[in-house]
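J.: okay, structure incoming, though there's no sequence with it:
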């Protein structure tokens, strides 16, 4: 069984009938659009989508920092005041 990652669900048929109503009812919450009772796609407000992208970018940075910290013993010390 597929996990649904939204509190609001709607069938594709219902969505086609009145998409504005679905968005209005969902408010700021994500909507899982179902096809044959399985999630087909999710609808999210632009602000939430941007926050998700920021979170993914932050996670990428965390992984980059961790990989660079693992190489810390190979680092060369530099004094920016020394000319």
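T.: On my side now, so go ahead. This structure is a prediction, so every number in the text was calculated from the model and none was measured.
J.: can you pull up the most central residue in the chain?
T.: Nearest residue to the geometric centre of the chain (C-alpha atoms, centre = their mean): residue 52, 3.0 Å.
J.: how about that one, secondary structure?
T.: At residue 52 the chain is in helix, as set by DSSP: H, G, I helix; E, B strand; the rest coil.
J.: ditto for residue 81
T.: coil.
J.: and residue 42, by the same measure?
T.: Applying three-state DSSP: residue 42 is strand.
J.: pretty sure it contacts residue 29?
T.: No: counting by C-beta atoms under 8 Å, residue 42 does not reach residue 29; the two are 10.6 Å apart. (C-beta placed from N, C-alpha, C; glycine too.)
J.: pull up the overlap in contacts between those two.
T.: Shared contacts of residue 42 and residue 29 (C-beta atoms under 8 Å, 6 or more residues apart in numbering): residue 6.
J.: quick one, helices of this structure?
T.: Secondary structure of the chain (DSSP state H): helices at 12-17, 19-26, 46-70.
J.: and of the ones you listed, who's closest to residue 81?
T.: helix 46-70 (23.3 Å; C-beta to C-beta).
J.: what sits up against the closest one?
T.: Residues contacting helix 46-70 (C-beta under 8 Å, 6+ apart): 28, 30, 44.
J.: what about the second one, neighbour count?
T.: What it means is residue 30. Counted with other C-beta atoms under 10 Å, residues neighbouring residue 30 total 17.
J.: who are the contact partners of it?
T.: Residue 30 touches 5, 6, 7, 8, 42, 43, 44, 48, counting by C-beta under 8 Å, 6+ apart.
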